[in-house]
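Novice: could you look at this predicted model? Sequence included:
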Amino acid sequence: MRVAVIHGPNLNLLGLREPDVYGRETLEEINRRLQARASELGVELTITQSNHEGGVVEAIQACREAADAIIINPAALTHYSLAVRDALAAVGLPAVEVHLSNIHAREPFRRVSVTASVCRGQISGFGSLGYLLALEAAKAILEAA
């Protein structure tokens, strides 16, 4: 069972960037926790982060051959990137969208996700725990298939 985790723009700045909104945990710490939990679950995990829309699209496309499911935090791309949305639709893999903050309780422009409609579900507002919940969800989706 192979799951790809794709982090979008600015997530490399976690721990420094608006800690009151996104927390103090770094992306490296989140990734370590994800890897540890994946190991416990018997899931092979690959992790990518890109600050560029094209890099996120290419990471999604690479999943066609390298993953069975996707966990994605598109970050700001969530709200406007039809390219990311279309890439998720094109690969046809089950995807779980994750957001550290509750995007539905924030500014109006953040409440719209153009990517959610091509994901199996969205986890929002639980901080880094959302990634672990997404991993559990991805595993369950794959086991049920």
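Specialist: Perfect, thanks for sending it. Keep in mind it's a predicted model, so treat the numbers as computed, not measured.

Novice: just to be sure, Leu45 is in a strand?
Specialist: Yes. The assignment for Leu45 (DSSP: H, G, I helix; E, B strand; the rest coil) places it in a strand.

Novice: enumerate every residue touching it.
Specialist: Arg2, Val3, Ala4, Val5, Leu34, Gln35, Ala38, Leu135 (Cβ atoms under 8 Å, 6 or more residues apart in numbering). Using the backbone N, CA and C atoms, a C-beta is placed for each residue, glycine as well.

Novice: Provide a ChimeraX selection command restricted to the buried entries of these.
Specialist: Restricted to buried positions by 16 or more other Cβ atoms under 10 Å, the ChimeraX selection for the contacts of Leu45 reads:
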select :2,3,4,5,34,38,135
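
Novice: dump the contacts of Leu45 to CSV, plus pLDDT, secondary structure and distance to Ala89.
Specialist: Below are the contacts of Leu45 laid out as CSV (pLDDT from 0 to 100; DSSP: H, G, I helix; E, B strand; the rest coil; distance: Cβ to Cβ, whole Å):
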residue, pLDDT, secondary structure, distance to Ala89
Arg2, 98, strand, 20
Val3, 98, strand, 19
Ala4, 98, strand, 16
Val5, 98, strand, 19
Leu34, 98, helix, 25
Gln35, 98, helix, 28
Ala38, 98, helix, 25
Leu135, 98, helix, 22
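
Novice: any chance of the contacts of Leu45 in TSV, plus distance to Ala67?
Specialist: Listed next are the contacts of Leu45 as TSV, based on distance: Cβ to Cβ, whole Å:
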residue	distance to Ala67
Arg2	5
Val3	6
Ala4	4
Val5	9
Leu34	14
Gln35	15
Ala38	12
Leu135	13
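
Novice: which among the contacts of Leu45 gets closest to Asp86?
Specialist: Using Cβ to Cβ, Ala4 comes nearest to Asp86 of the contacts of Leu45, at 17.2 Å.

Novice: specify the beta-bridge partners of that closest one.
Specialist: For Ala4, the beta-bridge partners under DSSP bridges are Thr46, Ile70.

Novice: I figured it hits Gln61, correct?
Specialist: No. Applying Cβ atoms under 8 Å as the test, Ala4 and Gln61 come out as separate, 10.8 Å apart.

Novice: how about the contacts made by the residue nearest the centre of the chain?
Specialist: Taking Cα atoms, centre = their mean, the centroid of the chain lies closest to Ile72, which sits 1.9 Å from it. With contact taken as Cβ under 8 Å, 6+ apart, Ile72 is in contact with 5-6, 8, 56, 60, 84, 88, 95-98, 115, 119.
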